[in-house]
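# The following block contains a protein sequence and its predicted model.
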Amino acid sequence: MVKLKPCPFCGGKAEIREYSQGHSGNGDYTARYKCGCDKCKIFFDKESLFRLVDGQPKFEKNGFEDATNAWNNRPEIENSDAEQEGRE
Ligand SMILES: [Zn+2]
C-alpha cells in the first residue's frame, strides 16, 4: 500500500478513500479519490479515468496516485527544523 505522510496541521494519520464512481457510457469508468486529513478537513481531490481491458483497469488518469502524490509532495510546514527529506 501507499505510504502517506502525516497531516501537516494536526500530525494525524492521513487517509485516502474512494468516494464516487461512475461511467461515461462508452466504456470509460471514473472514480474520485480524496486524500487528506478527516480531522482538519483538508483533502486533495483527484479523479481516475480508466477502461477495463480483460477485466483489468487500464488507466487514462490514475486519481489514486495523483491524490497520494499531491498529498505527499505538498509544501512542507515548518514544524521540525531537524527533519530532512529522503530519510524514509
Ligand atoms: Zn489534520
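Looks like it came in fine.

# where exactly do the helices run in the chain?
With DSSP state H, the ranges of helices along the chain come out as 63-72.

# biggest strand in it by residues?
If you go by DSSP state E, the chain has its longest strand at strand 42-53.

# how about it: buried residues?
Residues of strand 42-53 classed as buried: I42, F43, F44, K46, S48, F50 (neighbour count, 16 or more other C-beta atoms under 10 Å). For every residue, glycine as well, the C-beta is placed using N, CA and C.

# Just want the angle from it to helix 63-72.
Interaxial angle, strand 42-53 versus helix 63-72 (axes from the mean of the first three to the mean of the last three C-alpha atoms, to 10 degrees): 160 degrees.

# Any stretches of this protein with poor pLDDT?
By pLDDT under 70, the weakly predicted segments of the chain are 1, 75-88.

# partners of the longest strand of the chain in the sheet?
Next to strand 42-53 in the sheet, as set by DSSP bridges, lie strand 28-37 (antiparallel), strand 56-61 (antiparallel).

# how near is the residue lying closest to R32 once chain neighbours are set aside to K5?
Excluding the flanking residues, the one nearest R32 by C-beta to C-beta, 6 or more residues apart in numbering is S20, at 4.4 Å. Distance of S20 to K5, given as C-beta to C-beta, to the nearest Å: 24 Å.

# do you know which of the strands paired with strand 42-53 lies nearest N69?
Proximity to N69 (C-beta to C-beta) singles out strand 28-37 among the strands paired with strand 42-53, at 9.0 Å.

# what's the burial count for C37?
Residues near C37, counting by other C-beta atoms under 10 Å, number 20.

# Double-check it against C7; I have them as touching.
Yes. C37 is within contact range of C7, at 3.8 Å (criterion: C-beta atoms under 8 Å).

# which residues do these two both contact?
Common contacts of C37 and C7, defined by C-beta atoms under 8 Å, 6 or more residues apart in numbering, comprise K13, A14.

# residue contacts, the closest residue to I42 other than its chain neighbours?
Once flanking residues are discounted, I42 sits nearest to G36: 4.9 Å by C-beta to C-beta, 6+ apart. Neighbouring residues of G36 by C-beta under 8 Å, 6+ apart: C7, A14, E15, I42, F43, F44, W71.
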